[in-house]
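Chemist: A predicted structure for the sequence below; I have some questions about it.
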Amino acid sequence: MGVDATTMVAATERVLAKLVEYFDVDFSYLRHTDRERRATVLVAEWPPREGVPDPDPLRIVYFSDADSVFRSLEHATEPLIARPSSEYSDYQETVRKASGISGVTGAAVPLVSRGEPTGLLGFIKVGDREWSTRELNVLKAIAALFAQLQARVVAEERLRYIALHDDLTGLANRRALLEHMEERLRPGSPGPVATFFLDLDRLKALNDFLGHTAGDNFIRTLSARLRENLEPTDMIARLGGDEFVIVPAKPMDAVAAELEATRLQQLIIRRVSVGGESVSRGASVGVALGIPGETTVADVLRRADHALLSAKSGGGNGVAVFTDAMRAQFELQDDVELNLRGAVSDGSLLLHYQPEVDLRTGRIVALEALVRWQHPTRGLLPPGAFVGVAEATNLAGELGRWVIRTACAQFAAWRARGLAANVVIRINVSPVQLVSLDFVESIEQVLREYGIDGSSVCLEITEHVVVQDLTRTQVTLRGLKRMGVQIAIDDFGTGYSSLSHLKALPVDAVKIDRGFVQRLGVSTDDLAIVKSIVGLAGSFGLGVVGEGVETAVAARTLVGLGCYRAQGFLISRPVPPEEVEVHLAAGRIPLDLELPKVSRGTFGG
Ligand code: C2E
Ligand code: CA
Ligand code: CA
């Protein structure tokens, strides 16, 4: 028989119709026994009842609260006949409620598979009817056929279920999700189709501390919670680990989707009790909208994933909708990956220089080389747009060598013209460069080639890299020290763990992160931080530079704290070499900070 779950009902109805005619009864039905739910579920009936109440009391009948006939059928393997007598009055009442007829004879023949009742084949005749043993034997044979058929359909459904569901939670799996989305994004389907990517923060910690069983229970509870709080037609898939994807059945615009994302996030972060503990995890949600007929499944999922990344980048526990700006950001990234290698060799990279001055006198004490990319179509790109990509794609070494070489060449040219005599050139070094084996030699070679003494060069490294590979960094830095090259820690204050390393590393100066300096005069917290950094630098005998000085009040505050060296838009933006030359020629950038006479005297020197 070519019957599966979907054709089962129609095929059964055809058989039931024949049986109704043959046995001359009024109704017949086939029911399936759901062992887990302890209920009997209507599969098919013939003829269709008229005026079926909603909910239909016969669709699902729980054995525990059924009438005496249904109740005794839970474990029965032999036919049961209920005639219209007072003995079966509660059964008669069930039939009356469901179909409006009373005083019937019901015959129920269990479907038996491996000795277990798996369903019922039933007949109803208005009035009293006798069933002969011969008739019942025929019915038992038919019921056996139905039992086989049902077992096969159940097995097939089970297989299909396993193929499409996640073991742990019973939610849809990746394959089911893809099938579903394919369907939803078909041309002509209602849209936009909102897709939510959910990710739990630090689930691993939970597994580590409470054990995997607790972790599994946690996931299961959350899954059940999602299921309860969403429509039955909404797609909820678990992609393994702590990743869920939800595709609501209802079309949504961006505004509605963002609200829904927040609701989902709130649901997830509510506490769950597992293994005797009440725990909760933060969750981030990324959202993307798919337009049926326009967006592919892969596109929507990728965008939702990107949005999730951006939601997480805000420290986790966030919600983000994929926007045009994000799209632009990702296109830029692709483009950078594609064209950066060429840029290093074709002359479209350039360096701008930002002067650093002594705030008390305006004298230029250093120049920081800052890389830019003159992109053929996108204009002048700041390093933030491509340095990260370079680091992620093995181009950091090449880019770094270009920067060092170019900065040194320019610096040597200025020196040759009598400019920049007492100025230090500052060059940013990426972590990747610092751990490369030949880094020290390559610097040495460039310095020799341009006749620059090591002490005129200061390499800036971030606090972050120092911590990553301390031993390696130490070796490299000592090599650089031997040439007299200076080392500054950049963006100081944004990483925490390296204060203790300051002693272990041959560092000459720290640059206070511009985030703290910018708000001087506005934020007292930042004032406290800057104060302690200056104090700390002093006690280690390190130089200190304030970055990101944008206002006179910030500059005055730095001077007041004893931090005289500074860099920032108030003094000069990073500018092309021709422009910085003008300042170099003057030797100083005049600032009118109206420093109090006392502080000039007190802190001078
Ligand atoms: P950084 O080393 O902290 O460089 C200072 C950044 O602060 C520069 O941004 C500069 O334009 C900006 N800046 C300076 N003064 C002010 C101010 O008063 N206010 C504000 N809001 N910003 C100010 P830029 O040029 O975009 O560089 C960003 C970062 O890119 C640099 O941060 C550095 O980490 C990295 N970078 C730049 N050039 C290179 C390079 O050649 N190699 C490597 N590896 N990284 C580089
Ligand atoms: Ca820097
Ligand atoms: Ca910095």
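Modeler: Looks like it came in fine. Ligands and ions are numbered 1, 2, ... in the order given.
Chemist: now for the helix or strand that residue 337 is a member of, which elements pack on it?
Modeler: Assigned by DSSP states H and E, residue 337 belongs to helix 324-346. The contact analysis (3 or more CB pairs under 8 Å, 6 or more residues apart in numbering; DSSP states H and E) places helix 324-346 against helix 297-313, strand 364-375, helix 387-392, helix 396-416. Every residue, glycine included, has its C-beta placed from N, CA and C.
Chemist: Number of residues surrounding residue 451?
Modeler: 10 (other CB atoms under 10 Å).
Chemist: Kindly provide the distance from it to residue 584.
Modeler: Between residue 451 and residue 584 the computed distance is 18 Å (CB to CB, to the nearest Å).
Chemist: And residue 273, by the same measure?
Modeler: Here residue 273 is placed at a distance of 68 Å from residue 584 (CB to CB).
Chemist: Neighbour count for the two, which is higher?
Modeler: residue 584 (21 against 11).
Chemist: Excluding chain neighbours, what is closest to the more buried one?
Modeler: Distances taken as CB to CB, 6 or more residues apart in numbering place residue 419 nearest to residue 584, at 4.3 Å, with adjacent residues excluded.
Chemist: How about the residues of this protein by ligand 3?
Modeler: 490, 491, 547 (CB under 5 Å from the ion).
Chemist: What strand or helix carries residue 256?
Modeler: Using DSSP H and E, residue 256 falls in helix 254-269.
Chemist: who are the neighbours in contact with the residue of the stretch 101-250 of the chain found nearest ligand 2?
Modeler: The stretch 101-250 of the chain approaches ligand 2 most closely through residue 201 (31.3 Å), counting by CB to the ion. Under the criterion of CB atoms under 8 Å, 6 or more residues apart in numbering, the neighbours of residue 201 are 281, 282, 283, 284, 312, 316, 317.
Chemist: Buried ones among those?
Modeler: 281, 282, 283, 284, 312, 317 (16 or more other CB atoms under 10 Å).
Chemist: which two from the residues you listed end up farthest apart in space?
Modeler: Spanning the widest gap among those are 281 and 312, at 13.0 Å by CB to CB.
Chemist: got the contact list for the residue of the stretch 301-450 of the chain found nearest ligand 3?
Modeler: Closest approach between the stretch 301-450 of the chain and ligand 3, counting by CB to the ion: residue 428, at 8.3 Å. Residues near residue 428 by CB under 8 Å, 6+ apart: 368, 369, 370, 371, 403, 459, 460, 490.
Chemist: Could you check how many residues crowd around the first one?
Modeler: Read it as residue 368. The number of residues packed near residue 368 is 25, by other CB under 10 Å.
Chemist: so what's it bridging to?
Modeler: residue 354, residue 426 (DSSP bridges).
Chemist: re the thing from before, name the member of the contacts of residue 428 that has the highest neighbour count.
Modeler: residue 368 (25 neighbours).
Chemist: any idea how far that one lies from residue 547?
Modeler: Where residue 547 is concerned, residue 368 sits at a distance of 9 Å (CB to CB).
Chemist: try residue 132
Modeler: From residue 132 to residue 547 the distance is 100 Å (CB to CB).
Chemist: Tell me which of the two has more neighbours.
Modeler: The residue with more neighbours, out of residue 132 and residue 547, is residue 547; 22 against 8, by other CB under 10 Å.
Chemist: list the contacts for the more buried one?
Modeler: 491, 511, 512, 513, 514, 517, 566, 567, 568.
Chemist: Who's the closest spatial neighbour of the first one, skipping the chain neighbours?
Modeler: Spelled out, it's residue 491. Distances taken as CB to CB, 6+ apart place residue 513 nearest to residue 491, at 4.4 Å, with adjacent residues excluded.
Chemist: follow-up on the earlier one: between residue 368 and residue 547, what contacts are shared?
Modeler: Joint contacts of residue 368 and residue 547 (CB under 8 Å, 6+ apart) are residue 567.
Chemist: which of the buried ones among the contacts of residue 201 lies closest to ligand 1?
Modeler: The closest of the buried ones among the contacts of residue 201 to ligand 1 turns out to be residue 312 (CB to the nearest ligand atom; 22.1 Å).
Chemist: pretty sure that closest one contacts residue 199?
Modeler: Yes - the pair residue 312 / residue 199 is scored as a contact, 7.0 Å apart, by CB atoms under 8 Å.
Chemist: shared neighbours of the two, anything?
Modeler: residue 284.
Chemist: returning to what we had before: number of nearby residues for the residue nearest to residue 491?
Modeler: 23.
Chemist: The residue most central in space within the chain: what's its closest spatial neighbour, skipping adjacent residues?
Modeler: For the chain, the residue sitting closest to the mean C-alpha position, by CA atoms, centre = their mean, is residue 308 at 3.6 Å. In this structure, residue 308 finds its nearest non-sequential neighbour in residue 286, 2.8 Å apart by CB to CB, 6+ apart.
Chemist: I'd guess that neighbour is in a strand, am I close?
Modeler: Yes - when DSSP: H, G, I helix; E, B strand; the rest coil is applied, residue 286 is found to be in a strand.
Chemist: I'd say it and residue 320 touch.
Modeler: Yes - contact criterion CB under 8 Å: residue 286 and residue 320 qualify, at 5.6 Å.
Chemist: that older thread, is the helix holding residue 337 in proximity to ligand 1?
Modeler: No - Helix 324-346 is not in contact with ligand 1 by CB under 6 Å from any ligand atom; minimum separation 11.6 Å.
Chemist: Pull out the buried residues from that helix.
Modeler: Neighbour count says helix 324-346 has 326, 330, 332, 333, 335, 336, 339, 340, 343, 344 buried, by 16+ other CB under 10 Å.
Chemist: Relative to residue 388, how far out is the first one?
Modeler: So the one you mean is residue 326. 16 Å.
Chemist: Flag every buried residue along stretch 100-107.
Modeler: Quick answer for stretch 100-107 (16+ other CB under 10 Å): 104, 105, 106, 107.
Chemist: Dump the C-alpha coordinates for it into PDB.
Modeler: What follows is stretch 100-107, C-alpha atoms only, in PDB (Å, rounded to 0.1, in the frame of the first residue of the first chain):
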ATOM      1  CA  GLY A 100     -26.200  14.600  18.600                       C
ATOM      2  CA  ILE A 101     -27.400  11.000  18.500                       C
ATOM      3  CA  SER A 102     -28.400   8.900  21.400                       C
ATOM      4  CA  GLY A 103     -29.100   5.300  22.200                       C
ATOM      5  CA  VAL A 104     -26.400   3.700  20.000                       C
ATOM      6  CA  THR A 105     -24.500   0.500  19.900                       C
ATOM      7  CA  GLY A 106     -20.800   1.000  19.800                       C
ATOM      8  CA  ALA A 107     -18.300  -1.600  18.800                       C
END
